[in-house]
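Peer 1: here's my sequence, what's the structure:
(2 chains)
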Amino acid sequence: MIDDWVGHLHSHRDSPVSRLPAAFKLAVGLVIIVGTVLAPPRAVGWFVGAAAFLLITAVLSRIPPPFLLKRLALLSPLILGVALVNAVQPAARGSWLTVAAKSTICLLTIILVSNTTPFSRILRVLKAARVPGLLITTLALMHRYLFVLVEEAERMRRARASRTFTRQRGARWQTLSTVVSQLFVRASERAERIYDAMCARGWK
Amino acid sequence: MHIPDGFIDGKTAAATVLLSAAGVGLALRQTRQRLAPKRVPLLGLAAAFLFAAQMVNFPVAGGTSGHLVGGVLVAALLGPSAAIVVLTTVLIVQCFLFADGGVLALGANVFNMAIIGAAGGYAIYRLVSRWLPGTRGQVAAVAFAGWCSTVLASICCAGELAWSGTFAWPAGFTAMASVHMVVGIGEGLISALVFLAIRRMRPDLAGEISGPAPARQWSEMACYGLLAALGVAIFVAPFACPWPDGLESVAARLGFDQKAVRQVVSAPAPGYQVPGVRWAAGATAVAGAAGTLVVFGLALLLARSLVREPKQETHPTRP
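Peer 2: This is a model prediction of the structure:
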């Protein structure tokens, strides 16, 4: 479970794309996304052009294609849902094909940007764009302890699974919610320690 | 419920980004003013906690599993402004790091999950827990608010998608609302269980981190309520209400050219074709109203069964 999410990030792989400045990549990504969202359904030229540009970037970025395909496949249930709803009741405008094309192009853009740019660089760009400091601090701390807490949750889940053998559904809900609440308690205790450490290093 | 890019169009993205930016800006200001410096790292850690907690799967009937969204839980633990900051952080990281939810759709996601889900859910939590005192009342309030926030957020999501022309309102509303009325039961149950367990383990942590003066807090909630109401008026009301919408009638009264306004404000789903769908949307709304009462009763029963003997469970099992 954890590997699917966390273990396959490629932001530190060296490639011509990952050496580009983060602000440039974010700006290009934003232009592609805004252009694609605003493009009328008939603007096939824009969709083909954007897709071709993204494919070239994907090859240059040296991200393994199976990884890209797996991430893009996560979108399919949503597109399928919209297609199903529209099958019951044809929408007034647009069609699920347009939605599928638009969302695939945008998703590929985000995947390419996020997997060629370390998150700290993205944060630096956001800071330069005058995003409030409290939000930046919170984002940086979350990113720093995200993997720690996910691993801690996984450890607690494993420890619980190896000790409890109940088949009662109610008891399972109880123990799982104890795991989650324990995780919150540990996170807040860690936050207290982090504050002490920050003060010891001269924060504010 | 994370909307990807491409599912909502430019005008919806712009409207949601404006509403969310106002809400998050207000939340950041409130948090910065009232949060003790000692608690600043807790925001980041709470966001990391929420992310990790969303990965713990709970068994749901029939072998499927669900997971926590946690807006109401975090709001009940940390207060509404801090919860908006925490949920926004989680959504930004999910968007930029894991490509979960779109960049232009970030405004819509923040509006649905942070402003409607967390702040709106918190308002329901406070109303119910004021009415039902004690730990039992709080647990029932968290369970009920968890369900309500899930359903409300999904209805807003359906409204945004319908306004974008991605799907038509009656069918989309029926699908989204009925699925989330079931999903919400899990959310309410998990939120209540976790909230109660934290209260029993560390009662000092289960208060709000920024103890506000009540008067200030009401003005704060009023601001979020205004934003939420504005969003609902834009995204949901034009579809849910059979009368000509407010903007149109105002324009007619003021003598504007009505046609010009009609082009800006999209007509409520003119092209529906299956007659049963319209009926289904109405039935969903009625079922939702009845479901709210049922869930409220269930929340009371849950709290009653959980908080009967508080002495027995004061020593939690350390996993």
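
Peer 1: could you use CA atoms for every contact and neighbour count after this?
Peer 2: Fine.

Peer 1: and stretch A:79-95, end to end?
Peer 2: 11 Å (Cα to Cα, to the nearest Å).

Peer 1: right, is the strand or helix carrying residue B:180 up against chain A?
Peer 2: Remark: residue B:180 resides in helix B:169-201, with elements defined by DSSP states H and E. Yes: with Cα under 8 Å from any Cα of the partner chain as the threshold, helix B:169-201 lies in contact with chain A, specifically through B:171, B:172, B:175, B:190, B:193, B:194, B:195, B:197, B:198.

Peer 1: what count of nearby residues applies to the first one?
Peer 2: I take that to be residue B:171. As a burial measure, the neighbour count of residue B:171 was computed by other Cα atoms under 10 Å in any protein chain shown and equals 27.

Peer 1: likewise for the last one?
Peer 2: For residue B:198, the number of neighbouring residues by other Cα under 10 Å comes to 24.

Peer 1: right, and it touches residue B:204 too?
Peer 2: No: Residue B:198 is not in contact with residue B:204 according to Cα atoms under 8 Å; the separation is 9.2 Å.

Peer 1: chain A contacts on the stretch 51-200 of chain B?
Peer 2: Within reach of chain A by Cα under 8 Å from any Cα, the stretch 51-200 of chain B has these residues: B:51-53, B:55-56, B:58-59, B:85-86, B:89, B:93, B:95-99, B:102-104, B:165-168, B:171-172, B:175, B:190, B:193-195, B:197-198.

Peer 1: ok, how many other residues are close to the closest residue to residue A:36 other than its chain neighbours?
Peer 2: Distances taken as Cα to Cα, 6 or more residues apart in numbering or on different chains put residue A:102 closest to residue A:36, at 6.0 Å, once the chain neighbours are dropped. As a burial measure, residue A:102 scores 25 neighbours (other Cα under 10 Å).

Peer 1: host element of residue A:102?
Peer 2: helix A:96-116.

Peer 1: and that helix, how far from the chain's centre?
Peer 2: For helix A:96-116, the separation from the chain centroid amounts to 12 Å (computed by Cα atoms, centre = their mean, to the nearest Å).

Peer 1: list the buried residues of it.
Peer 2: Within helix A:96-116, the residues that qualify as buried by neighbour count (16 or more other Cα atoms under 10 Å in any protein chain shown) are A:96, A:98-116.

Peer 1: let me know the next secondary structure element after the worst-scoring helix or strand of chain A on mean pLDDT.
Peer 2: For chain A, counting by mean pLDDT, DSSP states H and E, helix A:2 ranks last in confidence among helices and strands (a mean of 46). Using DSSP H and E, the helix or strand that directly follows helix A:2 along the chain is helix A:22-38.

Peer 1: can you list contacts of whatever helix or strand comes next after that following helix?
Peer 2: Where DSSP H and E defines the elements, the next helix or strand beyond helix A:22-38 is helix A:44-61. With contacts defined as Cα atoms under 8 Å, 6 or more residues apart in numbering or on different chains, helix A:44-61 is touched by A:15-18, A:32, A:36, A:39, A:101-102, A:105, A:108-109, A:112, A:116.

Peer 1: switch to 7 Å and redo it
Peer 2: A:15, A:16, A:17, A:18, A:105, A:109, A:112 (Cα atoms under 7 Å, 6 or more residues apart in numbering or on different chains).

Peer 1: pLDDT below threshold where in the chain?
Peer 2: You didn't say which chain, so I picked chain A. In the predicted model, chain A carries pLDDT under 70 at residues A:1-13, A:89-94, A:165-170, A:204.

Peer 1: wait, I meant chain B there
Peer 2: Across chain B, the stretches falling below the confidence threshold (pLDDT under 70) are B:59-66, B:206-217, B:240-279, B:308-319.

Peer 1: residues contacting the most centrally placed residue in it?
Peer 2: The structure's chain B has its C-alpha centroid closest to residue B:117; by Cα atoms, centre = their mean the separation is 1.4 Å. Contacts for residue B:117 were tallied using Cα under 7 Å, 6+ apart; they are B:71, B:72, B:149, B:150, B:153.

Peer 1: would you point out the most distant pair within those?
Peer 2: For the contacts of residue B:117, the farthest-apart pair by Cα to Cα is B:72 and B:153; their separation is 11.8 Å.

Peer 1: the more surrounded of the two?
Peer 2: Ranked by neighbour count (other Cα under 10 Å), residue B:72 and residue B:153 place residue B:72 first, with 38 against 26.

Peer 1: would you check that the more buried one makes contact with residue B:120?
Peer 2: No: proximity of residue B:72 to residue B:120 does not meet the contact threshold set by Cα atoms under 7 Å, at 8.5 Å.

Peer 1: circling back to that earlier point, let me know the angle separating the following helix or strand past the helix holding residue A:102 from helix A:96-116.
Peer 2: Next along the chain after helix A:96-116, taking DSSP H and E as the criterion, comes helix A:119-128. An angle of 100 degrees separates the directions of helix A:119-128 and helix A:96-116 when computed by axes from the mean of the first three to the mean of the last three Cα atoms, to 10 degrees.

Peer 1: contacting residues around helix A:119-128?
Peer 2: Contacts of helix A:119-128 with the rest of the structure, by Cα under 7 Å, 6+ apart, involve A:22, A:23, A:136, B:97.

Peer 1: does the helix or strand following that helix come close to chain B?
Peer 2: Next in sequence after helix A:119-128, counting helices and strands by DSSP H and E, comes helix A:133-163. Yes: contact between helix A:133-163 and chain B, assessed by Cα under 7 Å from any Cα of the partner chain, occurs at A:138, A:139, A:141, A:142, A:145, A:146, A:149, A:150, A:153, A:156, A:159, A:160.

Peer 1: out of these, who's nearest residue B:30?
Peer 2: Minimum separation from residue B:30 among those (Cα to Cα) is found for residue A:138, which lies at 14.9 Å.

Peer 1: skipping adjacent residues, who's closest to the closest one in space?
Peer 2: Of all residues not flanking residue A:138 in the chain, residue B:44 sits nearest, at 4.3 Å (Cα to Cα, 6+ apart).

Peer 1: the one you found reaches residue A:139, doesn't it?
Peer 2: Yes: if you go by Cα under 7 Å, residue B:44 and residue A:139 touch, sitting 6.4 Å apart.

Peer 1: and residue A:73, what does it touch?
Peer 2: Under the criterion of Cα under 7 Å, 6+ apart, residue A:73 has no neighbours.

Peer 1: please disregard the earlier target; I meant residue A:23.
Peer 2: Residues residue A:125 are the ones in contact with residue A:23 under the rule Cα under 7 Å, 6+ apart.

Peer 1: could you check how far it is from chain B?
Peer 2: Shown here: residue A:23 relative to chain B, a distance of 14 Å by Cα to the nearest Cα, to the nearest Å.

Peer 1: so what are the domain limits for chain A?
Peer 2: Residue ranges for the domains of chain A, per automatic domain parsing: A:2-127, A:133-200.

Peer 1: among these, which is nearest residue B:109?
Peer 2: Judging the domains of chain A by Cα to Cα, what sits closest to residue B:109 is domain A:2-127, at 14.9 Å.

Peer 1: how far away from the center of its chain is the closest one?
Peer 2: On the basis of Cα atoms, centre = their mean, the separation between the geometric centre of domain A:2-127 and that of its chain is 11 Å.

Peer 1: before we move on, back to that, now the contacts of residue B:117 as a markdown table including secondary structure?
Peer 2: Below are these laid out as a markdown table (DSSP: H, G, I helix; E, B strand; the rest coil):
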| residue | secondary structure |
| --- | --- |
| B:71 | helix |
| B:72 | helix |
| B:149 | helix |
| B:150 | helix |
| B:153 | helix |
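
Peer 1: which of the contacts of helix A:119-128 sits closest to residue A:179?
Peer 2: After measuring the contacts of helix A:119-128 against residue A:179 - Cα to Cα - the closest member comes out as residue B:97, at 25.4 Å.
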